[in-house]
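J.: Please find the sequence and the predicted model below.
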Amino acid sequence: MKKVEDVVVDMYEQLPVPYGLVRFGVAPDHPEVKNCEATFEEVAASPRFNYVGNVRVGRDLELSEMKAHYDAILFSYGASEDRRLGIPGEDLPGVFSAREFVGWYNGLPEFQSLNPELQAGDQAVVVGQGNVALDVARILLTSVDTLRKTDISSQALETLSQSRVRSVKIVGRRGPMQAAFTVKEARELMHIPDVAFEPIDQSMYPAEIKKLPRVQKRIAEVLVKGTANVPEEGSKSWALAFLKSPKSMKADSVTGRLASLTFTNQVFAPDTDAYSKSASVVPTEETTVYPASVAFRSVGYKSTALPGLSGLGVPFDNKLGIIPNDPFGRIITASSGPGDLAAGHVPGLYCAGWVKRGPTGVIASTMQDAFTSADVIAEDWNSGVPFLNSEQGENRSTGLGWEGLKAKVLGRGVRPVSWADWKAIDQAERAKGQEGGKEREKFTRIEDMMSVLDG
Ligand SMILES: Cc1cc2nc3c(=O)[nH]c(=O)nc-3n(C[C@H](O)[C@H](O)[C@H](O)COP(=O)(O)OP(=O)(O)OC[C@H]3O[C@@H](n4cnc5c(N)ncnc54)[C@H](O)[C@@H]3O)c2cc1C
Ligand SMILES: NC(=O)c1ccc[n+]([C@@H]2O[C@H](COP(=O)([O-])OP(=O)(O)OC[C@H]3O[C@@H](n4cnc5c(N)ncnc54)[C@H](OP(=O)(O)O)[C@@H]3O)[C@@H](O)[C@H]2O)c1
């Protein structure tokens with residue numbers, strides 16, 4: 001909107017409420033991270049921006065229907081699935097994906113019936129060592145009195161208050177130098193009151209930690225220092241286990257619920273530098289078994305193709321889980337060869353965020369990357385390259401945008417949510433939160449969000 005003077009942007013969101021993972025991913029005890037919502041507010045205040053909530057593209061509106069009404073479409077629909085391990089027992093009762101669990105405690109309507117059964121036993125295992133794994137561990141270990149002040153869902157708070165989980169083991173398939181989490185998040189776990197940390201095996205580190213690259217050095221220092229909290233009878237603790245690749249999950253013969261996870265022990269490949277971020281590992285014949293009543297698979301999210309994408313000539317790379325694009329966000333066909341970066345660009349189509357780069361990156365890097373995508377749209381527009389529809393003839397754009405589609409959506413019984421509608425939902429959530437002494441109490445059912453608007 002800044003770079004193309006008269007451009008109008010319609011933003012479609014499948015849920016009535018905005019903010020994606022900022023609302024439904026970012027941990028409730030990290031409210032400061034959600035400050036980026038203010039930037040969003042600024043954008044939404046523009047008369048040239050329309051928020052179209054509660055409309056799922058590919059279900060409530062076909063992409064083919066949208067095409068005639070827009071010059072450009074930018075896909076930034078994130079990653080709505082998770083990677084699987086592909087091992088026996090992965091679907092046993094008691095095994096959850098981190099995505100489901102995170103969505104559940106953050107009030108995402110889709111996962112409100114998850115029932116993670118945290119009363120089944122005292123040991124939890126998290127597979128994967130990214131920041132999401134650390135979020136899951138922190139929520140399991142933090143006292144409910146601390147969480148009560150956050151916008152965590154009431155249902156999650158109730159379940160967590162009855163949790164019997166005392167120990168959380170976070171298991172990685174490579175070593176500590178290759179773990180994907182960041183130092184701030186590791187430090188935070190060390191500072192949870194009364195939660196002990198099982199000392200890390202220091203033989204995994206070089207003799208002189210000081211000589212490691214800065215990022216790895218800081219993480220190593222935090223992990224080696226550990227925490228001052230000493231394990232006591234009944235207290236909670238966490239541990240990191242390295243060089244273990246998930247092999248299978250087994251059920252208790254009586255309850256049929258998860259009882260243990262078996263990992264294949266790994267060693268660094270002979271030709272690899274064990275202290276480099278990209279070190280590779282090889283399996284051994286040995287295994288390790290960890291008993292657990294609950295396990296979380298936290299090995300990354302995954303984007304999928306939106307229905308109707310291929311009809312627009314957009315390929316989807318199922319292996320990488322992204323829409324193929326030049327590094328700037330122009331969507332390209334698979335056949336685009338080297339040379340001009342814009343070669344093979346599908347006119348008028350762009351992408352940003354996790355569906356552009358894969359499911360990694362914090363909000364700051366995702367924003368930077370989105371600015372790049374916006375810049376190329378403006379650049380392409382100003383340089384007069386073809387967009388979605390031609391300016392004349394049968395293929396001419398109506399230029400109507402959402403106005404040209406609204407009647408269709410209403411006719412399908414869908415009630416679109418405007419920015420003013422969202423603000424009403426927001427107000428109602430804040431008011432409900434105030435009663436309970438928290439910033440907001442999220443509605444966890446779509447019907448409840450909508451009832452604020454239409455009674
Ligand atoms: C559990 C978790 C915690 C995180 N915590 C932090 C943190 O503390 N700090 C930090 O900096 N980063 C954090 N991140 C990373 C950050 O959330 C991401 O970088 C960022 O949200 C990615 O933005 P996105 O727009 O690509 O995807 P999303 O935020 O997922 O947004 C995609 C949006 O598209 C909508 N959508 C999907 N399909 C459709 C459709 N068919 N029609 C209409 N709308 C659709 C979705 O509902 C969603 O609102 C976290 C990520 C996760 C998973
Ligand atoms: N507080 C924050 O800032 C915050 C909070 C949450 C999320 N985020 C961001 O959101 C993004 C996504 O986080 P994420 O944790 O989902 O992903 P991630 O950072 O990519 O971590 C995924 C982890 O899963 C492991 N893994 C992948 N496949 C595996 C397999 N088959 N078996 C065993 N382990 C496997 C990876 O190990 P390998 O390295 O060996 O593949 C890695 O340890 C990241 O950029 C993260 O920083 C940020």
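T.: Now that the structure is in, tell me what you want to look at. Numbers count the residues shown, from 1 in each chain. Ligands and ions are numbered 1, 2, ... in the order given.

J.: Next, please give the residue ranges for the strands of the stretch 51-200 of the chain.
T.: Secondary structure of the stretch 51-200 of the chain (DSSP state E, counting those that start in this stretch): strands at 73-75, 81-82, 95-97, 123-127, 167-171, 195-197.

J.: For ligand 1, what is the nearest residue in the stretch 301-450 of the chain?
T.: residue 353 (2.4 Å; C-beta to the nearest ligand atom). Yep, even glycine has a C-beta here, placed from its N, CA and C like the rest.

J.: What are the neighbouring residues in contact with the spatially closest residue to that residue that is not a sequence neighbour?
T.: Nearest residue to residue 353 in three dimensions, chain neighbours excluded: residue 76, at 4.1 Å (C-beta to C-beta, 6 or more residues apart in numbering). Residues near residue 76 by C-beta atoms under 8 Å, 6 or more residues apart in numbering: 351-353, 355-356, 370, 373.

J.: Same check on residue 445?
T.: 109, 112.

J.: Can you check the pLDDT for the residue of the stretch 301-450 of the chain closest to ligand 1?
T.: pLDDT for residue 353: 97.

J.: need the contact list for it.
T.: If you count contacts by C-beta under 8 Å, 6+ apart, then residue 353 has 76-78, 366, 369-370 around it.

J.: Try it again at 6 Å.
T.: Applying C-beta atoms under 6 Å, 6 or more residues apart in numbering, we find residue 353 in contact with 76, 78, 366.

J.: Got the phi and psi for it?
T.: Main-chain dihedrals, residue 353, degrees, to the nearest 10: phi 80, psi -160.

J.: any idea how far it is from ligand 2?
T.: 12 Å (C-beta to the nearest ligand atom, to the nearest Å).

J.: go on, residue 65?
T.: 33 Å.

J.: Roughly how far does the residue of the stretch 51-200 of the chain found nearest ligand 1 sit from ligand 2?
T.: Per C-beta to the nearest ligand atom, residue 78 is where the stretch 51-200 of the chain lies closest to ligand 1, at 2.6 Å. From residue 78 across to ligand 2, the span is 11 Å (C-beta to the nearest ligand atom).

J.: tally of neighbours for that residue?
T.: 15 (other C-beta atoms under 10 Å).

J.: Skip the chain neighbours and tell me the closest residue to it.
T.: Residue nearest to residue 78 in three dimensions, not counting chain neighbours: residue 354, with 4.9 Å by C-beta to C-beta, 6+ apart.

J.: tell me the domain boundaries of the chain?
T.: The chain resolves into domains spanning 9-80+302-435, 83-301 when parsed by automatic domain parsing.

J.: Lowest mean pLDDT across these, which one is that?
T.: Of all these, domain 9-80+302-435 carries the lowest average pLDDT, namely a mean of 92.

J.: And that one, end to end?
T.: 37 Å (C-alpha to C-alpha, to the nearest Å).

J.: again, but for stretch 195-213
T.: 29 Å.

J.: same deal with stretch 316-333?
T.: The first-to-last residue distance of stretch 316-333 comes to 9 Å (C-alpha to C-alpha).

J.: neighbouring contacts of it?
T.: Residues contacting stretch 316-333 (C-beta under 6 Å, 6+ apart): 75, 302-303, 305, 309, 314-315, 341, 344-346, 349-352, 355-356, 358, 372-373, 376.

J.: next one: stretch 34-42
T.: Residues outside stretch 34-42 that contact it (C-beta under 6 Å, 6+ apart) are 19, 22, 363.

J.: for that stretch, which positions count as buried?
T.: Using 16 or more other C-beta atoms under 10 Å as the test for burial, stretch 34-42 gives 34, 36, 40.

J.: Redo those as JSON lines? Include distance to ligand 1 and secondary structure.
T.: JSON lines is the format used below for the buried residues of stretch 34-42 (distance: C-beta to the nearest ligand atom, whole Å; DSSP: H, G, I helix; E, B strand; the rest coil):
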{"residue": "34", "distance to ligand 1": "9", "secondary structure": "helix"}
{"residue": "36", "distance to ligand 1": "8", "secondary structure": "helix"}
{"residue": "40", "distance to ligand 1": "11", "secondary structure": "helix"}
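
J.: how about stretch 103-110, does it get close to ligand 1?
T.: No - Stretch 103-110 does not reach ligand 1 (C-beta under 6 Å from any ligand atom); its nearest approach is 8.1 Å.

J.: Distance from that stretch to the middle of the chain?
T.: Remark: stretch 103-110 is offset 12 Å from the chain centroid, using C-alpha atoms, centre = their mean, to the nearest Å.

J.: next one: phi and psi at residue 286?
T.: phi -90, psi 150.

J.: So it versus residue 262, what's the distance?
T.: 11 Å (C-beta to C-beta, to the nearest Å).

J.: Comparing these two, which residue is more hemmed in?
T.: Between residue 286 and residue 262, residue 262 has the larger neighbour count (other C-beta under 10 Å), namely 17 against 11.

J.: does that one sit in a helix, a strand or a coil?
T.: The three-state label given to residue 262 by DSSP: H, G, I helix; E, B strand; the rest coil is strand.

J.: Tell me if stretch 171-181 is near ligand 2.
T.: Yes - against ligand 2, stretch 171-181 shows contacts by C-beta under 6 Å from any ligand atom at 172-174, 178, 180.

J.: for stretch 261-280, same thing?
T.: No - shown here: stretch 261-280 not in contact with ligand 2 (C-beta under 6 Å from any ligand atom), separated by at least 8.8 Å.

J.: How far does that stretch sit from its chain's centre?
T.: 26 Å.

J.: Could you count how many residues lie near residue 220?
T.: By other C-beta under 10 Å, 23 other residues sit near residue 220.

J.: Flag every residue of the protein that's near ligand 2.
T.: Near ligand 2, when you scan the chain using C-beta under 6 Å from any ligand atom, you find 85, 127-133, 135, 172-174, 178, 180, 185, 245-246, 298-301, 359-362.

J.: got a list of what residue 294 touches?
T.: By C-beta under 6 Å, 6+ apart, the neighbours of residue 294 are 94, 124.

J.: And for residue 229?
T.: Counting by C-beta under 6 Å, 6+ apart, residue 229 makes contact with 194-196.

J.: how does it look with 10 Å?
T.: With contacts defined as C-beta atoms under 10 Å, 6 or more residues apart in numbering, the neighbours of residue 229 are 190-197, 235-237.

J.: what about the residue of the chain found nearest ligand 2, how many residues close to it?
T.: At 2.1 Å from ligand 2, residue 130 is the closest residue in the chain, using C-beta to the nearest ligand atom. The criterion is other C-beta under 10 Å. On that basis, residue 130 has 22 neighbouring residues.

J.: Good, wrapping up.
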